[in-house]
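Q: Predicted structure and sequence below. I'll ask about it afterward.
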Amino acid sequence: MIAHVHHENINYLKASKGLKNWLITVDHKRIGMMYLASILFFFIAGGTFAGLFRFELWSPLKNFLTPDQYNQFFTLHGVIMVFLVVVPGIPAALGNFILPIQIGAKDLAFPKLNLTSLYLYWIGAAIALYSIVAGHADQGWTMYAPYSLSRNPAVLYMMIAAFILGFSSILTGLNFIVTMHNMRAPGMTWYRMPLFLWAMYATGIMQIFATPVLAITLILLLLENFFGIGIFDPALGGDPLLMQHFFWFYSHPAVYIIVVPGFGIASEIIAAFSKKDIFGYRFVAYSSVAIAIIGFVVWGHHMFVAGQSELADSIFSFLTFFTAVPSAIKVFNWTATLYKGSIDLKTPMLYALQFLFNFTIGGLTGIILAILSVDIHLHDTYFVVSHFHYVAMGSTMIAFIGGIHYWWPKMTGKMYNEKVGQIAAVLVFIGFNTTFFIQLIMGSQGSPRRYYHYQDQFQIHHQVSTIGFVILATGLFMALFNLIASFFNGSVAPANPWGAKTLEWQTDSPPPLYNFKETPVVTHGPYAFETEKA
Amino acid sequence: MATASTGLPEHHVAHHFDSADQEFDSAKTGMWLFLASEIMMFGALFVGALVFLTLHPAAFREGSHHLDWRMGAINTFFLLTSGLTMGLAVIAAQAGQQAKVRLNIIISLFLASGFLVVKSMEYAVKIHHGTLPGRLWHGEGFHDPFAHIFFGLYFVMTGLHALHVLIGMSLMIFALIRSRKVQFTRSYFTPVEMVALYWALVDLVWVFLFPLLYLIG
């Protein structure tokens, strides 16, 4: 019995040894770490493809890639980054690790299901990678019919991969929501939950309700490819626009599946490094849920020039403006939190501030694109590319990287080098904005996206963008090596290096196998910095 | 109590739960959320069918006439009755009546098999007439060139539904096996309840599939 208790109090990294014990683990912390490693691997892979075609675009004509390879590489970049990096990203890696601890639970409600999600992710990822050698997929990540109906084996493998990854995503979201409903520690009321969890909740709702529509769309695309059932293929009497409706019914909420977790991380970091309660906690919490709901009724704004009726266009445009309201509430509340806070510009905070800056640009350019007449000019230009990179990369990935730095001491028990982390964060900021701000300009001048050859007048823009990519990649690798180096020469992390108030900082770094030695009892909100002073 | 005489062991709550209630509530919330996602998936298919109905109403009606509504009605009877017996199985499990749980699940299994037999008979007729989806189509005597899409949708929708019937039946068998290993009580009847919930979805989808495919026109 004593040995048993002892075993539970050992930290989760040392609780059992060997690769096999990691592969069959049901501990949410280990599963989160395996997700983190996998997602970072694919982030590097997707980034490498981006780098390749960015250099190809150094001059208007051919450099070193054929047009075919160029099309394949932007497809692979899109598919990998969307389905394997940003969609699972924050929830699967950080959510898995942090969520149960933040509510004071021993694990997620369904630990085996959680491991199943991870295996589905790996299987989906393996099939996606196999599609690279199975042929050349050049349909773009959107897989629009009828081009995706050419029975290209590489495209078919990608569809199967996305289908399996969708299941993984649904199961993760389901597990999170059930856990938040049923596993909260005594005293952990809904309004004492950290905002990261409200974000996870909103994300889970979208994963559960939107992803199945993608699943059936992919099934129908596969059946259309194999049997020609005639639902999407115009040659058989089908409706290709229906496919776009289905696709964006998932993929627009997916944009919020991507970015809402980033909101959650930003809230945690900004509160912790301003040493202040989040301004308007309930508004920030509700606005995550509001975005999740509004996100379901704006998908048509991806199809303004696809032949939708003008009435539908107008309604979708109108509804799209509404998404700006909860987003703006968040930005104002974060800014108000900074006001008169004791701001500490540690590495996570530098990422959180970049997130604020980038998300403001990403959000406002979205408003511009929601204007019907303007969108007709900007549709399918680099302006759109830049807009969604400001959201997916500039907001989500930046928040993700900030979150990794924030929770790194908790997850690994090691402190990284603060100076190197800060320099890397600055490089990432400069690199990202150099890469993508210029794309807003070239897009507004009419430069179409995805083109292999382009007009000479845009060469300087492309070159600036490519230089930005180099700076960005340098910053990212610097951050990565800094984190990895902490395993070897990092100092031992205390339980609460940042002086934060949420529950995960009240247990050891790294946490014991069942997270807490005793079930915690919660008596105050997540950011009770004020009560301490009093 | 009579239930103790079965001699089966009681269920143990998993390590990360505090109580049997918490475990049960988690399973139930999870199942409902899963069913919600299933409804979204089938929902999209129904939207697809309605779009096709709007685009090619004549083709839809012509295709629909080639289905036998009596077969559909028999299957509706099978499924709704099995829904009842699964509900009875839950009540029996709550009362700890192990034998009654098994009996009701076995009846449900028979009814579900009946559904699949009728469904295969219908499929056999379509294979015989060549009214198959897309490239496999060699149906004759159709006026509308888009009639084949109706059968494409028919096979996709009923096929996906039949897959769910098969999954539901496997879950029933799982609950049967479980009933031999552990005593169901007022505080532990989770497997039976979850299977019954899942089976209710299978019922529900069919209740909408039947009028959409068989009765329109």
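A: Thanks, I have the structure now.

Q: Return the list of helices and strands in contact with the lowest-mean-pLDDT helix or strand in chain B.
A: The weakest-scoring helix or strand in chain B, judged by mean pLDDT, DSSP states H and E, is helix B:57-65 (a mean of 92). When contacts are defined as 3 or more CB pairs under 8 Å, 6 or more residues apart in numbering or on different chains; DSSP states H and E, helix B:57-65 packs onto helix B:20-55, helix B:147-181. Where C-beta positions appear, they are placed from N, C-alpha and C, glycine not excepted.

Q: ok, B:Trp32 touching B:Leu197?
A: Yes: B:Trp32 is within contact range of B:Leu197, at 7.3 Å (criterion: CB atoms under 8 Å).

Q: Phi and psi next, for A:Ser509.
A: Backbone torsions for A:Ser509, taken as degrees, to the nearest 10, come to phi -110, psi 120.

Q: Next one: it from A:Gly490, what distance?
A: 11 Å (CB to CB, to the nearest Å).

Q: More neighbours: which of B:Trp32 and B:Leu197?
A: B:Leu197 (17 against 12; other CB atoms under 10 Å in any protein chain shown).

Q: how much space is there between B:Glu122 and B:His138?
A: The gap separating B:Glu122 from B:His138 is 18 Å, by CB to CB.

Q: Which one of the two is surrounded by more residues?
A: B:Glu122 (17 against 10).

Q: how close does the spatially most central residue of chain B sit to B:Thr81?
A: The structure's chain B has its C-alpha centroid closest to B:Val202; by CA atoms, centre = their mean the separation is 2.4 Å. Plainly put, B:Val202 is 13 Å away from B:Thr81 if you go by CB to CB.

Q: Mind putting the helices and strands packed on helix B:57-65 into TSV with distance to chain A and mean pLDDT?
A: Formatted as TSV, those follow (distance: least, CB to the nearest CB, whole Å; pLDDT from 0 to 100):
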stretch	distance to chain A	mean pLDDT
helix B:20-55	4	95
helix B:147-181	3	95
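
Q: Quick one: closest of the ones you listed to A:Met349.
A: Nearest to A:Met349 among these is helix B:20-55; the distance by CB to CB comes to 35.3 Å.

Q: by contact count, what packs against that closest one?
A: Where contact means 3+ CB pairs under 8 Å, 6+ apart, helix B:20-55 is packed against helix A:153-182, helix A:195-227, helix A:240-274, helix B:57-65, helix B:147-181, helix B:190-210.

Q: Name the helix or strand for the closest residue to A:Asn417 other than its chain neighbours, please.
A: Distances taken as CB to CB, 6 or more residues apart in numbering or on different chains place A:Asn482 nearest to A:Asn417, at 5.6 Å, with adjacent residues excluded. In this structure, A:Asn482 is located in helix A:459-489 according to DSSP states H and E.

Q: For the helices and strands packed on helix B:20-55, give me JSON lines that also has distance to A:Trp407.
A: Below are the helices and strands packed on helix B:20-55 laid out as JSON lines (distance: least, CB to CB, whole Å):
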{"stretch": "helix A:153-182", "distance to A:Trp407": "17"}
{"stretch": "helix A:195-227", "distance to A:Trp407": "10"}
{"stretch": "helix A:240-274", "distance to A:Trp407": "9"}
{"stretch": "helix B:57-65", "distance to A:Trp407": "55"}
{"stretch": "helix B:147-181", "distance to A:Trp407": "38"}
{"stretch": "helix B:190-210", "distance to A:Trp407": "34"}
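
Q: can you tell which of those is closest to A:Phe97?
A: When the helices and strands packed on helix B:20-55 are compared by CB to CB, helix A:195-227 sits nearest A:Phe97, at 11.3 Å.

Q: buried sites along that closest one?
A: Under the neighbour-count criterion of 16 or more other CB atoms under 10 Å in any protein chain shown, helix A:195-227 has A:195-221, A:223-225, A:227 buried.

Q: again, but for stretch B:38-51
A: Those would be B:38-49, B:51, for stretch B:38-51 by 16+ other CB under 10 Å.

Q: Now do it: everything it contacts.
A: A:208-210, A:212-213, A:215-217, A:220, A:231, A:239, A:242, A:246, A:249, B:153, B:156-157, B:160-161, B:164, B:201, B:204-205, B:208, B:212-213 (CB atoms under 8 Å, 6 or more residues apart in numbering or on different chains).

Q: pLDDT averaged over stretch A:383-398 - what is it?
A: In this model, stretch A:383-398 carries a mean pLDDT of 97.

Q: Using CSV, write out every CA atom in that stretch.
A: Provided in CSV are the C-alpha atoms of stretch A:383-398 (Å, rounded to 0.1, in the frame of the first residue of the first chain):
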residue,chain,number,x,y,z
PHE,A,383,-4.5,39.7,-49.5
VAL,A,384,-6.5,36.6,-48.5
VAL,A,385,-3.4,34.6,-48.0
SER,A,386,-1.9,37.2,-45.7
HIS,A,387,-5.2,37.6,-43.8
PHE,A,388,-5.5,33.9,-42.9
HIS,A,389,-1.8,33.7,-42.1
TYR,A,390,-2.2,36.5,-39.7
VAL,A,391,-4.8,34.4,-38.0
ALA,A,392,-3.5,30.9,-38.3
MET,A,393,0.2,31.6,-38.0
GLY,A,394,0.4,35.1,-36.6
SER,A,395,-2.2,34.4,-33.9
THR,A,396,-2.6,30.7,-33.4
MET,A,397,0.9,29.5,-33.8
ILE,A,398,2.3,32.5,-32.0
